[in-house]
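Visitor: Make a model of this:
(one chain, ligands or ions: 3)
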Amino acid sequence: MSDKSKTDNEIDKSGLSRRGFLGATAVTGAGALVGVTALGSAVMSRESWAAAVKESQQNIHVAPGELDDYYGFWSGGHQGEVRVMGVPSMRELMRIPVFNVDSATGWGLTNESRHIMGESAKFLNGDCHHPHISMTDGKYDGKYLFINDKANTRVARIRLDIFKCDKMITVPNCQAIHGLRLQKVPYTKYVFANAEFVIPHPNDGKVFDLQDENSYTMYNVIDAEKMEMAFQIIVDGNLDNTDADYTGRFTAATCYNSEKAYDLGGMMRNERDWVVVFDIEAAEKAVKAGKFTTLGDSKVPVLDGRKKGDADSQFTRYIPVPKNPHGLNTSSDGKYFIANGKLSPTVSMIEIARLPDLFAGKLKDPRDTIAAEVELGLGPLHTTFDGRGNAYTTLFLDSQVVKWNMAEAVRAYNGEKVNYIKQKLDVHYQPGHIHASLCETSEADGKWLVALCKFGKDRFLPTGPLHPENDQLIDISGDEMKLVHDGPTYAEPHDCIMARRDQIKTKKVWDRNDPFFAPTVEMAKKDGINLEQDNKVIRDGNKVRVYMTSVAPVYGVTEFTVKQGDEVTVVITNLDMIEDVSHGFVMTNHGVSMEISPQQTSSITFIADKPGLHWYYCSWFCHALHMEMVGRMLVEPA
Ligand code: CUK
Ligand code: CUA
Ligand code: CA
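Guide: Numbering: from 1, shown residues only. Ligands and ions are numbered 1, 2, ... in the order given. Presented below is the predicted three-dimensional model:
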């Protein structure tokens with residue numbers, strides 16, 4: 001860290017010895033990282049917190065009949081879904097299954113969802129981290145939400161008019177999509193997705209050496225509308241998190257394993273790793289000019305963004321920053337890419353206005369783009385913004401959120417005596433991501449902040465060895481941050497995003513022409529079926545298609561007969577027009593369940609492998625006679 005940053009600020013007062021811990025010698029192993037944590041040394045008891053926040057509770061009480069001001073979209077982590085929350089009430093409004101299998105809606109079971117998941121429907125798990133809403137002119141346009149799957153190297157898109165996933169792609173030639181962000185300006189043409197792990201190319205079992213020049217990972221650029229790969233850029237090192245700027249030209253990504261090491265000690269060897277900056281316009285031009293290669297069977301254009309000796313590629317620059325940096329956040333004023341130091345108590349502010357000169361070869365040293373290296377505390381992971389010039393950074397090891405002023409931090413770095421640290425707030429405990437309302441748009445409004453804490457020990461009723469995480473809501477509308485709510489969450493919302501409620505416009509009833517179930521409509525057409533009227537069984541060898549309507553509280557077909565071993569597809573069209581009258585379809589003892597909301601068509605395929613009478617029933621309580629909404633499948637022995 002720079003000596004320049006050692007000014008007379010609050011950090012110094014609160015004791016540098018503890019803070020110096022990670023400076024040079026900290027790398028004795030992961031145990032040390034958690035060892036010094038504040039887990040056992042919370043400054044206030046749970047009870048005293050409760051008393052302290054009582055008065056600010058008024059702000060978050062959303063009374064019966066009132067609506068929240070913000071939609072929050074929470075990643076469900078390795079549970080695989082997206083959760084929709086109301087903010088500030090922190091009430092869960094809905095869940096959107098994405099990379100998981102969902103028993104209620106039939107996601108992963110229905111033909112419509114499996115069609116969207118494609119080949120990857122064979123995976124029953126996912127690990128999502130980064131939900132982001134599409135933008136136009138740097139503001140949320142409410143069209144889509146995108147999210148990564150680290151576990152199976154996928155990216156999914158959710159339509160925000162129906163709150164359903166409508167596209168999913170597997171990123172080729174890569175392992176583990178982690179960081180994900182969207183182009184902000186002029187609109188979300190691209191999704192930027194970091195493949196985290198370095199792998200050999202081709203990965204065919206002949207080479208296992210990560211130092212080999214054909215071992216690398218790639219920055220992935222996806223066409224957001226088509227949900228197809230646009231191009232890939234090979235990088236040095238690995239990739240962690242990413243973000244885009246407000247000019248539309250640059251993106252940046254953190255690398256923690258510049259060492260290309262296999263193990264913990266190796267990955268912590270270098271005092272500095274780097275931020276890779278991508279010139280997306282230059283990359284686009286190269287692709288258009290056909291100056292790319294491809295890998296194996298894949299047709300995706302691949303650009304080489306690695307250094308050759310000292311020479312930079314035309315698409316990339318590598319800016320050294322300390323040490324195993326993690327979060328990468330673009331300040332909402334558009335001025336900085338901020339890399340969060342993790343193993344360094346600093347964040348590095350990269351001045352975006354200096355990047356054109358860096359790419360033009362006008363700067364001697366890539367480090368000349370650093371506006372400040374700001375000392376904040378132990379374990380900075382992610383940073384967010386209030387639109388008033390302040391940034392908020394999570395300190396994982398200190399279990400704190402630190403509020404700091406960006407302009408003052410730059411002045412302090414340049415030698416002025418300014419106290420850029422505004423406040424440190426204890427959170428409970430070990431915060432990772434942090435998100436302020438509208439913070440990744442030019443409309444950051446500085447009202448609410450959510451700190452997603454990895455440990456919730458002692459904040460909630462005990463639930464056995466597996467504890468919930470703790471998402472804490474913090475009021476940042478005043479000069480001081482005030483903690484107002486503890487929200488237990490299931491494994492594991494790495495990240496969340498908040499949009500004003502007027503920015504999300506949903507449908508109340510399905511449109512019959514919705515592309516979500518278009519393949520099923522197409523199939524019905526081939527069978528000569530009018531989905532809005534017909535109740536018919538079509539036999540096609542050992543394939544049986546049962547078409548039925550539903551109107552509360554009856555199915556259009558209440559009995560059908562098949563032969564043992566037949567492949568049965570049940571297609572149901574819910575003719576109810578009334579908002580909120582969803583039906584379900586469950587075939588008992590067949591692992592079959594699905595949702596059919598008003599005006600929706602849903603279908604599911606299974607093998608009728610057991611002779612006998614099998615009841616099917618409606619699973620959503622739709623009517624006073626919901627229990628009576630049943631039917632029978634009669635299976636004749638083979
Ligand atoms: S990562 Cu989890 S705390 Cu996947 Cu965005 Cu930083
Ligand atoms: Cu239809 Cu319950
Ligand atoms: Ca490293």
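
Visitor: give me phi/psi at L145?
Guide: phi -120, psi 130 (degrees, to the nearest 10).

Visitor: right, and it touches I162 too?
Guide: No. Counting by CB atoms under 8 Å, L145 does not reach I162; the two are 11.6 Å apart. Placement of C-beta: from N, CA and C, glycine included.

Visitor: which one of those two has more residues nearby?
Guide: L145 (27 against 17; other CB atoms under 10 Å).

Visitor: In contact with the residue lying closest to that one once chain neighbours are set aside, which residues?
Guide: Computed as CB to CB, 6 or more residues apart in numbering, the closest residue to L145 that is not its neighbour in sequence is I158, at 4.4 Å. I158 makes contact with 82, 96, 98, 144-147, 164-166, according to CB atoms under 8 Å, 6 or more residues apart in numbering.

Visitor: how near is I158 to G237?
Guide: 31 Å (CB to CB, to the nearest Å).

Visitor: now swap in A552 and tell me
Guide: To G237, A552 is 58 Å away according to CB to CB.

Visitor: Residue ranges in this protein under the pLDDT threshold?
Guide: 1-59 (pLDDT under 70).

Visitor: residue nearest the centroid of it?
Guide: With distances taken as CA atoms, centre = their mean, the residue of the chain nearest its centroid is H130 (1.8 Å).

Visitor: Help me confirm that that one is found in a strand?
Guide: No. Counting by DSSP: H, G, I helix; E, B strand; the rest coil, one finds H130 to be coil, located in no strand.

Visitor: That one against C496, yeah?
Guide: No. Using CB under 8 Å, H130 makes no contact with C496, being 9.7 Å away.

Visitor: Pull up the overlap in contacts between the two.
Guide: Jointly contacting H130 and C496 under the rule CB under 8 Å, 6+ apart are S75.

Visitor: Report the separation between the residue nearest to the centre of the chain and ligand 1.
Guide: 6 Å (CB to the nearest ligand atom, to the nearest Å).

Visitor: Could you find the closest non-adjacent residue to that residue?
Guide: Nearest to H130 is L180, by CB to CB, 6+ apart, at 4.3 Å.

Visitor: Counting neighbours, what do you get for that neighbour?
Guide: Going by other CB under 10 Å, the residues that sit close to L180 add up to 26.

Visitor: Secondary structure element holding it?
Guide: Assigned by DSSP states H and E, L180 belongs to strand 177-182.

Visitor: Note down every partner strand of that strand and its orientation.
Guide: If you go by DSSP bridges, strand 177-182 pairs up with strand 190-195 (antiparallel).

Visitor: Quickly check: the partner strand near ligand 1 or not.
Guide: No. Strand 190-195 is not in contact with ligand 1 by CB under 6 Å from any ligand atom; minimum separation 9.8 Å.

Visitor: Quick one: name whatever helix or strand follows that strand.
Guide: Next along from strand 190-195, by DSSP H and E: strand 199-200.

Visitor: That following strand packs against which elements?
Guide: strand 215-223 (3 or more CB pairs under 8 Å, 6 or more residues apart in numbering; DSSP states H and E).

Visitor: what are the C-alpha coordinates of the strand it packs on, in CSV please?
Guide: Taking C-alpha atoms only, strand 215-223 is exported to CSV below (Å, rounded to 0.1, in the frame of the first residue of the first chain):
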residue,chain,number,x,y,z
SER,A,215,-3.9,-23.2,-20.2
TYR,A,216,-6.0,-20.1,-19.7
THR,A,217,-9.5,-18.8,-18.9
MET,A,218,-11.7,-16.4,-20.9
TYR,A,219,-13.8,-13.3,-20.5
ASN,A,220,-17.1,-14.0,-22.1
VAL,A,221,-19.3,-11.6,-24.0
ILE,A,222,-22.9,-12.7,-24.6
ASP,A,223,-25.5,-11.2,-26.8
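
Visitor: name the helices or strands packed onto that strand?
Guide: On a contact count with 3+ CB pairs under 8 Å, 6+ apart, strand 215-223 meets strand 190-195, strand 199-200, strand 228-235.

Visitor: K184: which of these is closest?
Guide: strand 190-195 (10.3 Å; CB to CB).

Visitor: Widest-spaced pair of the contacts of I158?
Guide: So, the contacts of I158 by CB to CB: farthest apart are F146 and K164, at 13.8 Å.

Visitor: what separates V570 from E416, distance-wise?
Guide: 71 Å.

Visitor: Compare neighbour counts for the two and give me the winner.
Guide: More crowded of V570 and E416, by other CB under 10 Å: V570, with 25 against 12.

Visitor: Leaving out chain neighbours, which residue sits closest to the more buried one?
Guide: Counting by CB to CB, 6+ apart, the residue nearest V570 is V546, at 4.9 Å.

Visitor: try K139
Guide: T441 (5.0 Å).

Visitor: before we move on, which element is that neighbour in?
Guide: Of the helices and strands defined by DSSP H and E, none includes T441.

Visitor: where does the stretch 251-400 of the chain come near ligand 1, residue by residue?
Guide: By the rule CB under 6 Å from any ligand atom, the part of the stretch 251-400 of the chain lying against ligand 1 is 326-327, 381-382.

Visitor: still on that earlier bit, which phi and psi does the residue nearest to L145 have?
Guide: phi -110, psi 130.

Visitor: how much space is there between it and C165?
Guide: 5 Å.

Visitor: which residues are in contact with both of those two?
Guide: 96, 98.

Visitor: Name the residue of the chain that lies nearest to ligand 1.
Guide: G432 (2.7 Å; CB to the nearest ligand atom).

Visitor: Can you tell me the SS state at that residue?
Guide: Recorded secondary structure, G432: strand (three-state DSSP).

Visitor: so it makes contact with T393?
Guide: No. At 11.6 Å, G432 does not count as touching T393 under the criterion of CB under 8 Å.
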